[in-house]
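Visitor: Please work out how this folds:
(one chain, ligands or ions: 1)
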Amino acid sequence: MSCQRQLKILDHPLIQHKLTLMRSVETPSHSFRRLLKEISILMSYEVFSDLPLQNIHTNTPMQSMESPVLSENTVCLVPIMRAGNGMLDGFIEIVSNALVGHIGLYRNKETLKAHDYYINLPKAIDVGKTVVLDPMLATGNSANTAISIIKKHGANDIVFTSILAAPEGVEAIEQKHPDVPIYTCSLDERLNENGYIIPGLGDAGDRLYGTT
Ligand code: URA
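Guide: Here you go, the predicted model:
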């Protein structure tokens, strides 16, 4: 993993290999979905490396012992709809007892500003680590809007995760929410005039669900 300020780039060979397959225009939706889920599973090892543990008493076939398990309500996963749902599939596979909230945002095609149309967050979001999921960190408008909403609901240990990031998006989060670490698999070159990441992988939602 390489780090710069609050930005953590997950450069594990398995992640980078799968990311290249995701980028290819030849990759069909069903493969894109599977790859996004697999990358999310791999990302979770890094994102959750500091989760708190508590000992419980357990009996092995040989003897009893004190052994660590995750504490209750330690994780809340919040996908930004709709592309974030593709990452949720992977993260929830690893932390199956996570709380899950949803934030629906759309971006105005002219201003590129994010507007919310759906917010449903668990009450206990203030208890543990909240992981925001959105495959594409582009302008940072959606990310910052989602993080602000989550903070208003009481969360204070928040991380943002994406598959790709543009330098503009990273800077936007670092400006508005410097307390929020960013995990991504690649820092790409730039945004184009329509707010798409270059070289990127296109529209993540469309590629996930086969829409255009
Ligand atoms: N959202 C996407 O799906 N792709 C981009 O390149 C930027 C934002």
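Visitor: Dig out what the nearest residue to Thr145 once chain neighbours are set aside forms beta bridges with.
Guide: In this structure, Thr145 finds its nearest non-sequential neighbour in Ala114, 4.2 Å apart by Cβ to Cβ, 6 or more residues apart in numbering. Every residue, glycine included, has its C-beta placed from N, CA and C. Listed beta-bridge partners, Ala114: Arg107 (assigned using DSSP bridges).
Visitor: so how far is Asn108 from Ala114?
Guide: 8 Å (Cβ to Cβ, to the nearest Å).
Visitor: Among those two, which residue is more densely surrounded?
Guide: Ala114 (19 against 10; other Cβ atoms under 10 Å).
Visitor: can you pull the contacts of the more buried one?
Guide: By Cβ atoms under 8 Å, 6 or more residues apart in numbering, Ala114 lies in contact with Leu105, Tyr106, Arg107, Asn108, Asn141, Ser142, Asn144, Thr145, Ala146.
Visitor: of those, buried ones?
Guide: Leu105, Arg107, Asn141, Ser142, Asn144, Thr145, Ala146 (16 or more other Cβ atoms under 10 Å).
Visitor: List the ones among these that fall in helices.
Guide: Counting by DSSP state H, the part of the buried ones among the contacts of Ala114 found in helices is Asn141, Ser142, Asn144, Thr145, Ala146.
Visitor: was I right about the last one contacting His102?
Guide: No: if you go by Cβ atoms under 8 Å, Ala146 and His102 don't touch, sitting 10.3 Å apart.
Visitor: So the longest helix along the chain, near the ligand or not?
Guide: Selection of the longest helix in the chain by residue count, based on DSSP H, yields helix 29-47. No: against the ligand, helix 29-47 shows no contacts by Cβ under 6 Å from any ligand atom, the least distance being 11.6 Å.
Visitor: I'd like the average pLDDT over that helix.
Guide: Mean pLDDT, helix 29-47: 97.
Visitor: Can you give me the buried ones in that helix?
Guide: Result for helix 29-47 [16+ other Cβ under 10 Å]: buried residues 32-44, 47.
Visitor: which residues do Ala146 and His102 both contact?
Guide: Residues touching both Ala146 and His102 by Cβ under 8 Å, 6+ apart: Val78.
Visitor: where in the protein is pLDDT low?
Guide: Low-confidence segments of the chain, defined by pLDDT under 70: 1-5.
Visitor: Skipping its backbone neighbours, what lies nearest Asn85 in space?
Guide: Pro79 (5.0 Å).
Visitor: who are the neighbours in contact with that neighbour?
Guide: Asn85, Met87, Leu88, Val100, His102, Ile103, Leu133, Asp134.
Visitor: And the last one, how close does it get to Thr20?
Guide: The one in question is Asp134. Distance of Asp134 to Thr20, given as Cβ to Cβ: 20 Å.
Visitor: Settle it for me: which of those two has more neighbours?
Guide: Asp134 (25 against 13).
Visitor: near the ligand, which residues of this protein show up?
Guide: Counting by Cβ under 6 Å from any ligand atom, the chain comes close to the ligand at Ala83, Met136, Ala138, Tyr196, Ile197, Gly200, Asp203, Ala204, Gly205.
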